[in-house]
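Chemist: no sequence on this one, just coordinates:
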């Protein structure tokens, strides 16, 4: 009895239902990663892989790979109704198969081999094909997931270690290779626990062709980069960090994508994902392509991508890159190089609508995470709810604080008195948003130098200024973020091809800075006054912000409890301030909790002998006062025992 051979492609009832197609074309399908792309399975008792890809202007679409000698005539997909989606089930094609889509356009004879936009895995660059994969993984982070609402709340301590996975630490004895996701897990968890960071934020881990983009030009919006292992290996890293009580934030880039031929650009012989007009679709800063946020299917693609990392990889937050470039039509464009919106304005109304929808869907589906905007302008209400007219983010990076503070600290201390406003201007707007104070990777690249080398003076003053910068950041309201290497006081700016300079920890001043960060994180986590009202005016009160002549700042931090006030006193000159009177709201003992000039950190050891008793000597507007010693280029934290 003869049997007919299995056809190269089957067209079963399909993984995609009519409802899926409707939601997809409407831009409301939020789980496209379950439907499009490549999904191993069984049809009529035959194992294989179901493929589905959106290419509405294609004449033909086929799956090519090693399994069919890259023959575009061998395994053709068929269109599904009028959705623009091509689908088919390929028997015998399983997990690990390398593939692309061969797309023949209806226009201009255009033919191209494209990577799968919804691939779950890809070849290791510089190879560009997609790989059939699954997302099977047994998670062990139930305890973390149950409690992360409290860990990610605006009233919780959030101290974020920003890092580029490929250059944090390498293996010099093995040709300077990068660690894998799994190798990194215990080393990173131990290090973050030692230093006391609550969260880690990874520069983009989505697949990208050019390592020099640091991941910010993605081709795989659903595929972790294969440079460090499989999707399951990344899951293991996140799972391990969660089991050691460390939250994970992923950088996510819905603003633009590279023009590499295998990527999203000109996907089916038309400008499918990007705007056709270069005044809207081409980014002059990065020579990349800009998503067409007015297209329903593109919005669904991006919404699904964002939710995917929260759903399948248990990410605790997404930091959205380059928001300013999305919401302004004239971003980095001269007059005549941009097209106004329908009202004649410069606002990108489609991008704004997309961002609001993104945040609404994230918080509807994952109310225990945070979305964080890197938005560098004064756009109002970035971190306010959409029902109030905001963009709906949970947090926004305070780029103004970063710029003003670093500009101030670069100045020789003798001139700082003339620029005191650079320090205090932040409090004019500090509670207009839920801010995160960021000393990010952007400040230590492209010739800007390391944080240490931004500081003026001799070597002692450089280190003292750096400790002062960190202490001032932790004293201020707002969540905290520090890019890797800052805690080592690196002398050169970040280089993504090599490891951090871990050997510096053999030297006392560098070790002292690391110890200072460790103690700052501990104080920030354990003292409610330093984090409970991070995003509320109720948590901050100036004592004196007007002493420009001495270049000092004094202020109070407060928590929900009326007791446990924290006094933060900063001296931005190398001149010690003896008998420096500071008014406080009540008497009692004020304990010196931390002092950046302590000998343990590399300082001169000047301080207040463990604390100071407040005396009933009225000063300024308060009935009690302290007689303090403010060490040189230092910050002192004193807690009220009252």
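Modeler: Structure received. None of these values were measured; they are calculated from a predicted model.
Chemist: C-alpha from now on. contacts and neighbour counts both.
Modeler: Fine.
Chemist: Wait, a strand at residue 520?
Modeler: No: assignment of residue 520 by DSSP: H, G, I helix; E, B strand; the rest coil gives helix, placing it outside any strand.
Chemist: Could you report the pLDDT at it?
Modeler: Looking at residue 520, its pLDDT stands at 98.
Chemist: Residue 475 too?
Modeler: 98.
Chemist: Skipping adjacent residues, who's closest to it in space?
Modeler: Once flanking residues are discounted, residue 475 sits nearest to residue 568: 6.3 Å by CA to CA, 6 or more residues apart in numbering.
Chemist: Flag every buried residue along the strand or helix carrying residue 514.
Modeler: Taking DSSP states H and E as the criterion, residue 514 maps to helix 508-526. Buried residues in helix 508-526, counted by 16 or more other CA atoms under 10 Å: 509-521, 523-525.
Chemist: Likewise for stretch 325-333?
Modeler: 325, 326, 327, 328, 329, 330, 331.
Chemist: what does that stretch contact?
Modeler: Residues outside stretch 325-333 that contact it (CA atoms under 8 Å, 6 or more residues apart in numbering) are 255, 280, 284-285, 324, 337-341, 346-349, 351-352.
Chemist: just to revisit the earlier point, which elements pack onto the helix or strand hosting the residue nearest to residue 475?
Modeler: Assigned by DSSP H and E, residue 568 belongs to strand 566-571. Packed against strand 566-571 by the contact rule (3 or more CA pairs under 8 Å, 6 or more residues apart in numbering; DSSP states H and E) you find helix 459-475, strand 552-557, strand 624-630, strand 634-640.
Chemist: Enumerate every residue touching the closest residue in space to residue 98 that isn't next to it in sequence.
Modeler: Sequence neighbours aside, residue 131 is the residue nearest to residue 98 in space, at 4.5 Å (criterion: CA to CA, 6+ apart). The contact partners of residue 131, by CA under 8 Å, 6+ apart, come to 95, 96, 97, 98, 99, 119, 120, 121, 122, 123.
Chemist: again, 6 Å this time
Modeler: By CA atoms under 6 Å, 6 or more residues apart in numbering, the residues touching residue 131 are 96, 97, 98, 121, 122.
Chemist: Please tabulate these in TSV and include secondary structure as additional columns.
Modeler: As requested, the contacts of residue 131 are exported to TSV (three-state DSSP):
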residue	secondary structure
96	coil
97	coil
98	strand
121	coil
122	strand
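Chemist: Can you turn the buried part of those residues into a PyMOL selection?
Modeler: With 16+ other CA under 10 Å as the criterion, this PyMOL line picks the buried residues out of these:
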select buried, resi 97+98+121+122
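Chemist: In CSV, list the contacts of residue 131 along with pLDDT and distance to residue 19.
Modeler: Converted to CSV, those look like this (pLDDT from 0 to 100; distance: CA to CA, whole Å):
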residue, pLDDT, distance to residue 19
96, 98, 30
97, 98, 29
98, 98, 30
121, 98, 27
122, 98, 29
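Chemist: Report the separation between residue 235 and residue 370.
Modeler: When distance is defined by CA to CA, to the nearest Å, residue 235 is 19 Å away from residue 370.
Chemist: Per-residue pLDDT of residue 172, please?
Modeler: With respect to pLDDT, residue 172 scores 88.
Chemist: number of nearby residues for it?
Modeler: 11 (other CA atoms under 10 Å).
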